[in-house]
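In: Requesting a structural model of the entry that follows:
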Amino acid sequence: MGVQDLQTFLASPLLKGGSVSVDLLKIAKNVSQRQQPHNTNRKIRPLGGNKLKLIVDAENCLDRLYGGYFSDWACGGQWNRMVQFLSLLCGALDRGNIEIAVVFNGTIEQCRMEEWKVEQANIRQKVGMVLKHINTKATPPPKVWWTPPIYLRAALRMALRHLGITVMCTMDDHHQEVIAYCREYGFHGLLADDAEYAAFDPPRYFSSQNLKLTYKSSIETKEYMLSVLTKSINVTQEQICIMAALLGNFLLPESELQDFYKKIDLVKRERDENGASDNLKTLADFVRGLPAPSNMDALVIAVFGSLEDKRASRFRQSVQYYLNGTASGFLKYCAPVKPRQKQASQKEPNSPKEEPELDESGFASETSEQQRETLQNYHLLTSNSVLSSEFAEMDSLLKSAEETLVASILDESPTDTSRFNGVSNGGGSSSTTSSSVASAAPKTNAQLAGAAVKSAKSTTSEHTTKSPSVNIVTPTVSPDVLRTASLRHQKGLMAPTILHVLSTQEVRLPCLMEDEGNREFPPIYDVYLTLRQRVYAVLFNLHHLRYVHLKKKENGDVAEDAPHPDVIVKEWVYSRSNPFQRPEEVKAEPLPWAVPTLQRLWFGPALDDKRRRMRAFLSCLSSDTPLILNTAYVPQHMLIMACVLRYIMSQDKPIMRRNELDAFLCQAFNPNLMNVQHLQELTLNAVSSRGVQLAALFMKGVDMAILANDACGAPLPWLMCCPWLYFDGKLFHYTLARASHAKNILEVCDNYIDRVVKVERMRKAILEGLEAKFAKIPPPQFAGGPMFRPGTVPPHHYLPALQLQSGRPAPGLRGRPIPSRGGQLQVAGVVVGSWGANYGYQGNARQNQILPAGMTVPRARGRGFNPGSGGYGRGRGPQKPGQPTFPVGNRKNHQRRSSQ
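Out: Residues are numbered from 1 along each chain as shown. Sure thing, here's the model as predicted:
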């Protein structure tokens, strides 16, 4: 049971006509202006003429937006291939006259906490099976265990933003905001795969899981026919909402409805198509005779028998939740609007007399000159990228789109107010995107901004929890900061964690691609704990709080023994001792210098503020050194990478090995990094578990570094943070395998000395001022161990030196002769090599024989050999040195032969 049964039945072949294959390009051709849905309560009338407008729930199609299934997805992410796919998809959409808006889940819904825990448990199970598969077979995992690569959501936001696609993050309730955005802005349909959307009855409902970009540049998917669903079970749309509430959801789980299921003879069946069909038909027969939702009391009595039932209130909320997403319920739900907002919504969006609204989502660091320079640098970096041969014909289309993008950026007026330009920082349709996304999710946008300001005003007097040794403070957050954070969050310009921390002081940390039982790696979240503590201190102005506290001590306003204020942030992170049972309380740790307040970091226009923004960012990553900002050592687009690697190298316990650090740097300077055709044809001999976890550690570091960059006011332009400029998981594994057995770094760099110089300089900047500690390589395991597989053998200079046999051994080997009868090399019981006898040295050959592990000497079959009695017969021991049994070419023997 569960509300997802509704979606399962809708997509199953048991419902004839429930899902129909369609081509979105053909649908777009049939769209005309009069066919667009009309809504008198809509704030903005649909623009774009006869374009087909679709809204995409990214959470339901992360794998499709990633580009489908790549066999090496577990290696850390093939970001350039993802960008290529998105570019081709956007080109096909533009040619087909289709406009899309992609929505990501940026909420932290407390009511869905149990759903989030179940989702993380499933991810942990898949990760465990993936790592087990890699450990045993050293091959990429199958498609069924696909999990989103670390940093996928943020990378998608960056790529779509650069391609001019409308991007939005929800803030309060993900599903309600998506359907509200769809209805209010006149979208023709929704791309998703979620049963709750089926209950909302969107204008048109398309499958995101079946979205395909074919070689003919057609965009194919399936359309769910909700009218067929209601006709097949003979219920109305309002009754579908009641059924969704009774199937069990996040408000009223199915575990609390077991007595109701017994009452209507609804037995528990397997969660498959047949079970979902039987459940829905049985429930529909019951719901068909219930009162309408308008008479909620009678409905509750008909279901539970009494208004006093403890589940009555949650059942009301559940039914109303689904009604609010319908076309009629949406109008009722959006009716209470503030007068000021209502007047603003009645204005024509393209009125020439209307002044453009001031965009308050920009940082002081985001000026038009900086955007122009960053965009030019980005084009220089990606100018040598090579498209895959199968999509080469679309290259001209992409170039024309980029020219349009450059023109839109260069047309901006470089005035002082141009720093308020959130989305125009790299979007092709920046003005349209900015105006449309600024009012995304209208009802929750105003509500959250108002609630944020209200909460900030209500906490003007800091709440403290005083004890003899602890002084926990709930700091005041400026309304300007909260307003800017909420706007940037909505537009997808900022890490969602920042708004979560500022508004709730609570974050959720999802499960990662790591082996929980591996002793070589500490938990990834533990590695970046110090970084997060510093970010929390920057967000809550901890240095300023302690400075004010110190001044109060000096003035006598506070007792001398009063502890300094601390800020606590609750982190939901999984561990064996705490499997999401309670949040971990993490104290913020201030930076070791006088950091400006958050308002100064975000909005300070002075040159000194710019320097402090960059210093605060580098300090969070333990990278405040001179060489790290020297572009001759670290190019600007590799600054994130250098800071992450330096942070990892600065840990007390060494994590990376020397050849692994070289592998990161060599793949970053590899000219084929952006050659998608080359990366597609590249084959990996083996995939190592350590390489997978190293890539996960690095990509999570990139995620944390960009979080610190956003918290400090974005001193590094977002286009210079894109991971496809410095990392590709498949290329990293290939380079790591080469670095494991290469003679020197020149061989890893394909004998190009200029690349070696770049790698050496960047390594010098990373290790500047550090006492470099590299992890030790364990001894090799020849006898069938995992290290013997191709690509996993350690460097040759780490292998134990094996002395070669010679006629005259070294003095250290005398008394320990090496066997001369030959031998065999066995791996897992299979002979993979053998060698013959060597008679160069016949000393005590049978005494104290020492053989390497996995090597066996073949048994002799001559006289006197007895395996049961130690190898030799009774009275026969090792032969003593004596007269040789073969002719010796000396003078006496020659004379003896001649006389005979």
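In: Please count neighbours and contacts with C-alpha atoms only from this point.
Out: Will do.
In: measure Arg483 to Gln490 for me?
Out: As judged by C-alpha to C-alpha, to the nearest Å, Arg483 and Gln490 stand 11 Å apart.
In: Neighbour count for the two, which is higher?
Out: With neighbours defined as other C-alpha atoms under 10 Å, Arg483 and Gln490 compare such that Gln490 has more, 26 against 19.
In: Can you give me the separation between Phe286 and Ser232?
Out: Taking C-alpha to C-alpha, one finds Phe286 at 15 Å from Ser232.
In: do Leu545 as well
Out: 64 Å.
In: what do you get for Thr631?
Out: 66 Å.
In: Kindly report the same for Val481.
Out: Taking C-alpha to C-alpha, one finds Val481 at 52 Å from Ser232.
In: Of those two, which one has the most company?
Out: Using other C-alpha under 10 Å, the more surrounded residue of Val481 and Ser232 is Val481, with 21 against 13.
In: and the lengthiest helix in the chain, how far out from the chain's middle?
Out: The longest helix of the chain (DSSP state H) is helix 113-137. Helix 113-137 sits 14 Å away from the centroid of its parent chain (C-alpha atoms, centre = their mean, to the nearest Å).
In: So which elements touch it?
Out: helix 689-711 (3 or more C-alpha pairs under 8 Å, 6 or more residues apart in numbering; DSSP states H and E).
In: C-terminal to the helix it packs on, what's the next element?
Out: Later in the chain than helix 689-711, the nearest helix or strand by DSSP states H and E is helix 729-741.
In: okay, the angle between that following helix and helix 689-711?
Out: If you take axes from the mean of the first three to the mean of the last three C-alpha atoms, to 10 degrees, helix 729-741 sits at 130 degrees to helix 689-711.
In: Show me which positions of helix 729-741 end up buried.
Out: Residues of helix 729-741 classed as buried by neighbour count (16 or more other C-alpha atoms under 10 Å): 729-741.
In: Please apply the same query to stretch 137-145.
Out: Of all the residues in stretch 137-145, those buried under the rule 16+ other C-alpha under 10 Å are 138-141.
In: Kindly check the end-to-end length of it for me.
Out: End residues of stretch 137-145 are separated by 15 Å (C-alpha to C-alpha).
In: Can you tell me what sits against it?
Out: By C-alpha atoms under 8 Å, 6 or more residues apart in numbering, the residues outside stretch 137-145 that reach it are 69, 71-74, 126-127, 129-130, 133-134, 686-689, 789.
In: Can you report phi and psi for Asp608?
Out: phi -70, psi -40 (degrees, to the nearest 10).
In: Against Gly362, how distant is it?
Out: In terms of C-alpha to C-alpha, Asp608 sits 19 Å off from Gly362.
In: More neighbours: the two, which one.
Out: Regarding Asp608 and Gly362, a neighbour count based on other C-alpha under 10 Å identifies Gly362 as having more, with 26 against 9.
In: if I look at Ile640, how far off is Ile628?
Out: Taking C-alpha to C-alpha, one finds Ile640 at 10 Å from Ile628.
In: give me the low-pLDDT residue ranges for the stretch 1-150 of the chain?
Out: 1, 32-49 (pLDDT under 70).
In: And the helices in it, which stretches?
Out: All helices of the stretch 1-150 of the chain, identified by DSSP state H, counting those that start in this stretch, fall at 4-11, 24-29, 62-65, 79-95, 113-137.
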